[in-house]
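>>> with the input below, show me the fold.
(one chain, ligands or ions: 1)
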Amino acid sequence: MGLLAAGFFPLFARSHKKGYTHPVRAITLKLRSRSALSCMPTKRFYSVLFFILCFSLLAATAQTNNQDAESHPWWQHAVFYEIYPRSFADSNNDGIGDLNGIASKLDYLKNLGVDAIWISPCFPSPQVDFGYDVSDYENIDPMYGTLADFDHLQKDASQHGIHIILDFVLNHTSDQHPWFLDSKSSRTSAQRDWYIWRDGKGPGQPPNNWLSDFGGSAWQFDSTANQYYYHYFYPQQPDLNWRNPEVKDAMFDVTRWWYKRGVSGFRLDAVDTLFEDPNLHDNPVLPGKNAFGDAREINKYNDKLPEVHDVLRGLRNIADQYNAVLIGETWTNDIAELNRYYGHNHDELQLPMDFLFTMVNKLSPAEFRKQIAAVNSASGWPTFVISNHDIVRSYDRYGDAVHDDQIAKLMAGLYLTLRGTPIIYYGEEIGMKTTPPTRKEDVKDPIGRRGWPKEKGRDGERTPMQWDESTNAGFSKAKPWLPVPPTYKTHNVADESKDPNSVLSFYRSVLKLRHTNQALLDGDYVPLNEDDQKVLSYLRLYKDQAVLVVLNMSGVWQKVGFDLSKHGFSSANPLIATEKSSVHHGSGGGNVVTLGPYGVFIGQLSK
Ligand code: GLC
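Okay, here's the model as predicted:
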């Protein structure tokens, strides 16, 4: 099922619009035997021995720490951050963000607590789908800079301890890619079979009933050789034929090319849709129409075909040679499906994204509990996202227009303290708001023009990053490609950096804690008070250390009691608490946490 069919764009039923939507290796110090010691000189010897012992212990501790870190792949402890490059920072003042702009913000990212940036596609592209239509996989689009700028960014990021993840659009290319230009040139061209060409059923009739996720038939007639080609997304995004080994080899080589340039992994775009039924069976049709006025279909024959797993295993094999990570845009319906993307032998994606978590579109402890438990039962390490460039921002999905900033902190308190790797979408950390266009003529995202007014497209969640209160929010001196939301006056990096109670300051403190707290890094997720309908509480438990997280998902004061003694602890001591949240210790491991509306309490447990 594709993005749209899965209901992730505003128009669909499950839409995300407001209201919808180590082991520690023991170091054995070998002490000399008593008999050996007894024949040694006395005082001086013991002081030397004491010194050696202290030194050895220190060295052992340091080594233990290293081993601890080394026993986890880097991406498990890393905090990822998605950058939509058009909208992040514009260094050459043409109204569109660029790579040098990103490089200029590395200090900001480091200071926030980011360890890896995923840059949405920055390769040469006609920009029909803003970079998700790639015309050259081994270069940088001039609007974003040059390969030299990329190398500079890569080097600089690496000096900041930040990994670079690129967005690999592997389902389709641009219709301007030389592969496709050759493919369409004749029925016998060398690359004809690199794409999916078929004869129509009859004059003016596409080969079958498959629909594009972006509206209309998924088949585009091309008069050069009188055949149709298949496109899951826009007609300018023809699907590659992954059944052709040459396609596979060429695309695998693309990943090697970037790994050799220093990238640390890829976010794999639209992996669900790589394969189609070669017999082109019609998809089952459901009653009703979608926002584009098309019939509603179940994508039975062009989505999640099992062949994708061979490709993922191949990509993983290469990734492993470079200690790289593969993140998947995986629109799964349940955890069984998610498990398939980890691979039976943990040999596919390390981080398939769990979008089911984003489908919890209300502040419901029960719903979140269910989803967190589900993903914790998955066969691999969880990944948490609450928004991205295709999804209405969390600020709007969960906000109540009264406590919005507090709710933004609440959500940070949730996804940044769970067991798993979080991916922050740029701007979430300052409480950016989705700001969709109000007039059809202002819409940039083609699906918004096609589906207006039911589908306004994805411009709203792609607006320029709000750096400060100056013109264009400090994003660019030129008119930005999308308007800066009016909220930049109240929500921007510069002002929020000065305010200890801002959303940004909250993100910084949680991320700082997360990087240093073993329980938050590695601890098990242990749900608490599972019947509570207002407050979501859990422990992160690692050996004899534990952190208690208490999240008030209601707009009224809450008092929650915890019996910590059954987990071997007596009291919770605040590490991070939003104003008004506090804890009172009772006797015998009883603790009462008091939380203001949408309050957060994170505490270290002690014995
Ligand atoms: C993915 C991207 C989306 C894009 C689509 C087609 O879903 O996240 O932005 O439009 O693929 O490439």
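
>>> make it CA atoms for all contacts and neighbour counts henceforth
Will do.

>>> check this structure for the residue nearest the ligand and tell me.
Nearest to the ligand in the chain, going by Cα to the nearest ligand atom, is Tyr132, at a distance of 4.4 Å.

>>> all strands of the stretch 501-607 of the chain, in order?
Listed in chain order, the strands of the stretch 501-607 of the chain (DSSP state E, counting those that start in this stretch) span 524-528, 535-542, 545-552, 558-563, 571-577, 582-585, 590-595, 600-606.

>>> now the fifth one: average pLDDT?
This points to strand 571-577. Average pLDDT, strand 571-577: 95.

>>> next one: the last one
Rounded to a whole number, the mean pLDDT of strand 600-606 is 97.

>>> what helices or strands is it leaning on?
helix 404-415, strand 545-552, strand 571-577 (3 or more Cα pairs under 8 Å, 6 or more residues apart in numbering; DSSP states H and E).

>>> go on, the fifth one?
Secondary structure elements in contact with strand 571-577, counted by 3+ Cα pairs under 8 Å, 6+ apart, are strand 582-585, strand 590-595, strand 600-606.

>>> compute the inter-axis angle for it and strand 590-595.
Strand 571-577 runs at 20 degrees relative to strand 590-595, counting by axes from the mean of the first three to the mean of the last three Cα atoms, to 10 degrees.

>>> in strand 571-577, which residues are buried?
Ser571, Ala572, Asn573, Pro574, Leu575, Ile576, Ala577 (16 or more other Cα atoms under 10 Å).

>>> how many other residues sit next to Pro486?
By the criterion of other Cα atoms under 10 Å, Pro486 has 13 neighbours.

>>> who touches stretch 399-419?
376, 382, 384-386, 394-395, 398, 422, 428, 431, 502-503, 506-507, 510-511, 514, 520-525, 540, 549, 551-553, 555, 598-600 (Cα atoms under 8 Å, 6 or more residues apart in numbering).

>>> okay, buried residues for it please.
Buried residues in stretch 399-419, counted by 16+ other Cα under 10 Å: 399, 404-419.

>>> what's the span of that stretch, first residue to last?
From its first residue to its last, stretch 399-419 covers 24 Å (Cα to Cα, to the nearest Å).

>>> so what's the closest residue to His77 other than its chain neighbours up against?
Nearest non-adjacent residue to His77, counting by Cα to Cα, 6 or more residues apart in numbering: Leu521, 6.2 Å away. Contacts for Leu521 (Cα under 8 Å, 6+ apart) come out as His77, Arg419, Arg514, His515.

>>> what's the distance between the nearest residue to Trp452 once chain neighbours are set aside and Gln558?
Nearest residue to Trp452, sequence neighbours excluded (Cα to Cα, 6+ apart): Lys440, at 6.6 Å. Going from Lys440 to Gln558 by Cα to Cα gives 44 Å.

>>> before we move on, back to that, so which of the contacts of stretch 399-419 are in helices?
Among these, the ones falling in helices (DSSP state H) are 376, 394-395, 398, 503, 506-507, 510-511, 514, 520-522.

>>> just the buried ones from the residues you listed, in PyMOL syntax?
Buried members of those, defined by 16+ other Cα under 10 Å, are picked up in PyMOL with:
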select buried, resi 376+394+395+398+503+506+507+510+511+514+520+521+522
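
>>> and the ones in helices among the contacts of stretch 399-419 near the ligand, which?
When Cα under 6 Å from any ligand atom is applied, no member of the ones in helices among the contacts of stretch 399-419 is adjacent to the ligand.

>>> quick one: neighbours of Leu112, just the number.
19.

>>> repeat for Ser606
Per other Cα under 10 Å, the neighbour tally for Ser606 reads 16.

>>> wouldn't it be in contact with His567 here?
No - assessed by Cα atoms under 8 Å, Ser606 is found out of contact with His567, at 10.6 Å.

>>> what pairs with the residue most central in space within the chain across the strands?
For the chain, Ile423 is the residue whose C-alpha lies nearest the centre (Cα atoms, centre = their mean; 3.6 Å). Beta-bridge pairing for Ile423 (DSSP bridges): Phe80, Val385.

>>> list the contacts for it?
Ile423 makes contacts with Val79, Phe80, Tyr81, Glu82, Thr383, Phe384, Val385, as judged by Cα under 8 Å, 6+ apart.

>>> find the nearest non-adjacent residue to Gln236, please.
The shortest distance from Gln236 to any non-neighbouring residue, by Cα to Cα, 6+ apart, is to Asp175 (4.9 Å).

>>> show me what from the stretch 201-350 of the chain comes close to the ligand.
Neighbours of the ligand within the stretch 201-350 of the chain, by Cα under 6 Å from any ligand atom: Phe233, Asp269, Ala270.

>>> what about the last one, distance to Asp141?
Spelled out, it's Ala270. Separation of Ala270 from Asp141 (Cα to Cα): 21 Å.

>>> what about Glu428, neighbour count?
If you count neighbours by other Cα under 10 Å, Glu428 ends up with 24.

>>> likewise Ala148?
11.

>>> out of the helices and strands packed on strand 571-577, deepest packed?
strand 600-606 (a mean of 24; mean count of other Cα atoms under 10 Å).

>>> quick one: strands adjacent to it?
Here, using DSSP bridges, strand 600-606 pairs with strand 545-552 (antiparallel), strand 571-577 (antiparallel).

>>> how far out from the middle of the chain is it?
Once both centres are worked out by Cα atoms, centre = their mean, to the nearest Å, strand 600-606 turns out to sit 26 Å from its chain's centre.

>>> how about the residues of the stretch 351-500 of the chain by the ligand?
By Cα under 6 Å from any ligand atom, the residues of the stretch 351-500 of the chain that approach the ligand are Asp390.

>>> the stretch 351-500 of the chain: helices as residue ranges?
Secondary structure of the stretch 351-500 of the chain (DSSP state H, counting those that start in this stretch): helices located at 365-376, 394-398, 404-415, 446-451, 493-498.

>>> make a markdown table from those helices and add mean pLDDT to it.
As requested, the helices of the stretch 351-500 of the chain are exported to a markdown table (pLDDT from 0 to 100):
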| stretch | mean pLDDT |
| --- | --- |
| helix 365-376 | 97 |
| helix 394-398 | 98 |
| helix 404-415 | 98 |
| helix 446-451 | 96 |
| helix 493-498 | 98 |
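
>>> reformat those as TSV; add distance to Asp213.
TSV is the format used below for these (distance: least, Cα to Cα, whole Å):
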stretch	distance to Asp213
helix 365-376	26
helix 394-398	23
helix 404-415	29
helix 446-451	9
helix 493-498	36
